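> Provided below for reference: sequence and predicted model.
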Amino acid sequence: MRERPHRYRRHASIESVLEELGCNGLFSAEGAAWAPQRKLLMHSLSIPHIKAFYPSLKATTERLYPRWQRAAAHGNVVEMTDDLKRYTVDVTSALAFGEDPRTLKKHRGVIQEHLALIFPMLTNRINAPFPYWRYVKLPRDCELDRSLIEAHGYVRNMMSRARERMRDDPSELPSHLLEAMLVMRDAPESDVTDDQVAANVLTLLLAGEDTTANSVAWTLLNVAADSALQQRLFDSSRGVLGSAPVCPDFTSLKQLDLPEAVCTETGRLCPVVAINSFEPLEDVCLDDITLPVGTKMFFLNRAATLDARNFSNPLQFDPDRWLHDGSRPRTTHDSRAYRQFGAGPRVCPGRHLAAVEMRLALSMLMANFSIRMAVNPSTIREMNAFTMVLSAMPVHLSARTT
């Protein structure tokens, strides 16, 4: 990971398939195309930018509260993954594109219905023995085509509205990532195209929606089974939130270490990014094994996090291993083995936003509700849909005050 992008790249099939889908943005860009996009996204998703954006983050999180209140009052089952995906898309859109789609206020016709098809089909096509879809379209390929038309139309319309805002007030500096990308696109002698801008917008929507939402959903599977942990989360969250339903400010958010530790420990046991894939760009030698250029290499992230050399009692779900508050003896804990957000120059630019979203969503949930599974947890399956996701996460919520 430290030697990307100069010595290793992702599998070439990832870039080619994403290019076909119109999603070849920062995630899959290689070579000279990668660096300028990286610089732009790292700035837009930096801690100072997220801190300035916190009031909007808080407002979006507040929409989850009445939604879950109604479900608790009526005894309705909540499919948490769906709600969390709406939440993360609303956050990503508002932060990076200056538009709030308010999908948490809608029942149908939301962009997630189309985004949900892209990652599973991406996995299928990357791993296909040959590109059959270029010769014959199966029903699932036709469905993907329809969703891509909708998703790209959504992105292009967003780009058009951003250009209109910029034309109306040309003296203003870019106020969000999309405007900054359009400024770079329109600069003299720019190599950036509208297609590249659109690909990065769609990449951010996909990545911002899927990984964080499923990380919190996996966390709830552990929390629902542990009433003592729920009480600790309630006490911790309510101690920071006071009487407010949502964490009131960014400074207070930094005190919510237990919710983030619970999410991080879940990610150690059930990583959403379970596999990393690389190809060497030159002949390399690893542990006396020569690997020619182009060799496909797979790295399983969970193997390191379940290794007792890296974490004591590695099979035990223990959020406290991430707190290190001096209340118990220090155990084996090598955080370098945790690679949920990658590492090196291509570390995930959205990791800070993901941490804030996880703290916000889980603290709001635990400060206001208790949670129990609506199905037998043994029926929930782990599925590889490019990221590692749950087959379902249906829960019952109950309002709580103590």
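The structure has been received and is ready for your questions. Given the structure is predicted, the values throughout are model-derived calculations rather than measurements.

> tell me the phi and psi of L390?
When read as degrees, to the nearest 10, the backbone of L390 gives phi -90, psi 150.

> any idea which residue sits dead centre in this structure?
T211 (2.9 Å; C-alpha atoms, centre = their mean).

> which SSE is the closest residue to S236 other than its chain neighbours in?
When the adjacent residues along the chain are set aside, S236 lies closest to L258, with 4.4 Å between them (C-beta to C-beta, 6 or more residues apart in numbering). To be clear about C-beta, it is placed using only N, CA and C from the backbone, and glycine gets the same treatment. Using DSSP states H and E, L258 sits within helix 257-269.

> what are the pairing partners of the next helix or strand after that helix, and which direction each?
Per DSSP H and E, the first helix or strand lying C-terminal to helix 257-269 is strand 275-280. Partners of strand 275-280 in the sheet, by DSSP bridges, are strand 8-9 (antiparallel), strand 297-300 (antiparallel).

> in strand 275-280, what counts as buried?
F278, E279, P280 (16 or more other C-beta atoms under 10 Å).

> was I right about the residue nearest to the centre of the chain contacting V273?
Yes. The pair T211 / V273 is scored as a contact, 6.9 Å apart, by C-beta atoms under 8 Å.

> where do the contact lists of these two overlap?
Common neighbours of T211 and V273, counting by C-beta atoms under 8 Å, 6 or more residues apart in numbering, are T387.

> thinking again about what came up before, buried residues, the helix or strand the residue nearest to the centre of the chain falls within. List them.
For T211, the element it lies in under DSSP H and E is helix 194-224. Residues of helix 194-224 classed as buried by neighbour count (16+ other C-beta under 10 Å): 196-224.

> now the helix holding L258, how far from the chain's geometric center?
Taking C-alpha atoms, centre = their mean, to the nearest Å, one finds the center of helix 257-269 at 15 Å from the center of the full chain.

> start the count at 24, not 1, going forward
In the new numbering, first residue 24, that becomes helix 280-292.

> thinking again about what came up before, contacting residues around the residue nearest to the centre of the chain?
V295, V296, G373, A377, T410.

> Kindly calculate the angle that the lowest-mean-pLDDT helix or strand in the chain makes with helix 217-247.
For the chain, counting by mean pLDDT, DSSP states H and E, helix 57-67 ranks last in confidence among helices and strands (a mean of 76). Relative orientation of helix 57-67 and helix 217-247, computed by axes from the mean of the first three to the mean of the last three C-alpha atoms, to 10 degrees: 50 degrees.

> got the phi/psi numbers for the nearest residue to A327 once chain neighbours are set aside?
Distances taken as C-beta to C-beta, 6+ apart place A360 nearest to A327, at 4.0 Å, with adjacent residues excluded. Per-residue torsions, A360: phi -80, psi -10 (degrees, to the nearest 10).

> So which of the strands paired with strand 298-303 is nearest V418?
Proximity to V418 (C-beta to C-beta) singles out strand 320-323 among the strands paired with strand 298-303, at 29.3 Å.

> how about the helix or strand following the closest one: buried residues?
Downstream of strand 320-323, the first helix or strand assigned by DSSP H and E is helix 324-328. Applying a neighbour-count criterion of 16+ other C-beta under 10 Å, one finds N324, A327, T328 buried in helix 324-328.

> Give me the packing partners of helix 324-328, helices and strands only.
helix 280-292 (3 or more C-beta pairs under 8 Å, 6 or more residues apart in numbering; DSSP states H and E).

> ranking the strands paired with strand 298-303 by burial, who's on top?
strand 31-32 (a mean of 20; mean count of other C-beta atoms under 10 Å).

> Going by neighbour count, list what's buried in the helix or strand following it.
The helix or strand immediately downstream of strand 31-32 is helix 35-44, counting by DSSP H and E. By neighbour count on 16+ other C-beta under 10 Å, the buried set for helix 35-44 is S36, I37, E38, V40, L41, L44.

> What angle do helix 217-247 and helix 35-44 make with each other?
Using the same axes, to 10 degrees: helix 35-44 against helix 217-247 is 110 degrees.

> Quick one: low-confidence residue ranges for the stretch 124-273 of the chain.
Judged by pLDDT under 70, the stretch 124-273 of the chain has its weakly predicted residues at 131-133.

> mind putting the buried residues of strand 298-303 in a markdown table, pLDDT and distance to A390 included?
Below are the buried residues of strand 298-303 laid out as a markdown table (pLDDT from 0 to 100; distance: C-beta to C-beta, whole Å):
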| residue | pLDDT | distance to A390 |
| --- | --- | --- |
| F301 | 93 | 42 |
| E302 | 94 | 46 |
| P303 | 96 | 48 |
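
> Now flag whichever of these is closest to T425.
Using C-beta to C-beta, F301 is the member of the buried residues of strand 298-303 that lies nearest T425, at 50.5 Å.

> wait, that closest one sits on A35?
No. The pair F301 and A35 does not pass the contact test of C-beta under 8 Å, sitting 10.8 Å apart.

> quick revisit: please tell me how far the residue nearest to the centre of the chain sits from A117.
Counting by C-beta to C-beta, to the nearest Å, the separation of T234 from A117 is 18 Å.

> Where does confidence bottom out across the buried residues of helix 324-328?
pLDDT across those is at its lowest for N324, which sits at 90.

> tell me the contacts of it?
P294, V296, A297, I298, N299, R362, Q363.

> Mind doing that once more with 6 Å?
P294, A297, R362 (C-beta atoms under 6 Å, 6 or more residues apart in numbering).

> Tell me the pLDDT of the second one.
So that's A297. So, for A297, pLDDT stands at 89.

> Excluding residues flanking it in the chain, which one is nearest it?
A297 sits nearest to M411 (C-beta to C-beta, 6+ apart), 4.4 Å away.

> name the element S79 belongs to?
Here S79 is assigned to helix 77-97, by DSSP H and E.

> Show me which residues of that helix are buried.
77, 80-81, 83-88, 90-91, 94-95.

> And the contacts of the very next helix or strand once past it?
Note on helix 77-97: by DSSP H and E, the next helix or strand toward the C-terminus is strand 101-102. With contact meaning C-beta under 6 Å, 6+ apart, strand 101-102 is reached by A94, P417, V418, L420.

> and those residues, which are buried?
A94, V418, L420.

> Next up, phi/psi of the residue located most distally from the centre of the chain, please.
In the chain, D311 marks the outermost C-alpha relative to the chain mean, sitting 36.4 Å out by C-alpha atoms, centre = their mean. For D311, the backbone dihedrals (degrees, to the nearest 10) come out as phi 70, psi 10.

> Right, I'll leave it there.
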